[in-house]
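*Asks:* Quick one, fold the following:
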Amino acid sequence: MTDLTRLSKFVSTILRHRARDFGVELDERGFTDYAALRVLVQSRSHDQYTDADWDTIVNKSADGKKRFEVADGRIRALYGHSRVNPILYEPVTPPEVLYHGTNAQAAKAIRREGLRSMKRQYVHLSANTERAMNVAQRRADETVLLVIRAGEAHRSGIEFYCPEAEHYLAKSISVTFIDFPEA
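*Replies:* Modelled structure (predicted):
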């Protein structure tokens, strides 16, 4: 694991899952003081990170997935929260179609129950097939690509959020709006 990967994972752990464990206070939108977080991370890390290192993890990652947002001296993780207070985003109008990559076993449950956030705060959806499949391949060899009729779901009242350009979130998606591949 590279030093920047280690830094990104540590910051993600704090902001997504263990803020309270580290004494970090997140506001209702998931933000905390950026400078204070940097001090905390530096004090708990064996590595010392430069401004350039922090700039790299905040603004880009090796897989092209933006994981953090900095605004007005505050930082938050963009998605994937499990053990922190609910993170609020402004609702958006999604594209007509979004994608969700999963594994064959999960696809069976999704066919019965739809997409549910499970232990996370939101269901994660991708704006393109490549990204959806990359996510799915991290968890299984046998991947399944689901097509989400997001525009139709939105018009029926499902709210969508967009923490970064290629990534959308929703609380849940009814099976009514999911197209499954042919068996």
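
*Asks:* now for the strand or helix carrying residue 105, which elements pack on it?
*Replies:* For residue 105, the enclosing helix or strand under DSSP states H and E is helix 104-113. Packing contacts for helix 104-113, counted by 3 or more CB pairs under 8 Å, 6 or more residues apart in numbering; DSSP states H and E, involve strand 143-148. All C-beta atoms are positioned from the backbone trio N, CA, C, and that covers glycine.

*Asks:* got the buried residues for the helix or strand following the strand it packs on?
*Replies:* Following strand 143-148 in sequence order, the next helix or strand is helix 150-155 (DSSP H and E). Neighbour-count burial for helix 150-155 flags 150-151, 153-154 (criterion: 16 or more other CB atoms under 10 Å).

*Asks:* Show the residue spans covered by the strands in the protein.
*Replies:* In the chain, the strands defined using DSSP state E lie at 32-33, 68-71, 74-77, 91-92, 98-103, 115-116, 123-126, 143-148, 160-164, 167-170, 172-173, 178-179.

*Asks:* For the second one, report the contacting residues that lie outside it.
*Replies:* Residues outside strand 68-71 that contact it (CB atoms under 8 Å, 6 or more residues apart in numbering): 11, 15, 31, 34, 57-58, 75-78, 163-164.

*Asks:* hmm, back to that, residues making contact with the helix holding residue 105?
*Replies:* Residues contacting helix 104-113 (CB under 8 Å, 6+ apart): 102, 140, 142-144, 146, 175, 178, 180.

*Asks:* Are any of the residues you listed buried, and if so which?
*Replies:* Buried among the contacts of helix 104-113 by 16+ other CB under 10 Å: 102, 143-144, 146, 178.

*Asks:* Just flag the most distant two among the residues you listed.
*Replies:* In the buried ones among the contacts of helix 104-113, the most distant members under the criterion CB to CB are 143 and 178, with 15.5 Å between them.

*Asks:* Got the domain ranges for this protein?
*Replies:* 3-77, 91-179 (automatic domain parsing).

*Asks:* which ones are touching the residue most central in space within the chain?
*Replies:* Taking CA atoms, centre = their mean, the centroid of the chain lies closest to residue 79, which sits 3.0 Å from it. The neighbours of residue 79, taking CB under 8 Å, 6+ apart as the test, are 67, 122, 124, 163, 167, 169.

*Asks:* residues near residue 72, how many?
*Replies:* Residue crowding around residue 72 was assessed by other CB atoms under 10 Å; the count is 6.

*Asks:* What distance do you get for it to residue 56?
*Replies:* Counting by CB to CB, to the nearest Å, the gap between residue 72 and residue 56 amounts to 21 Å.
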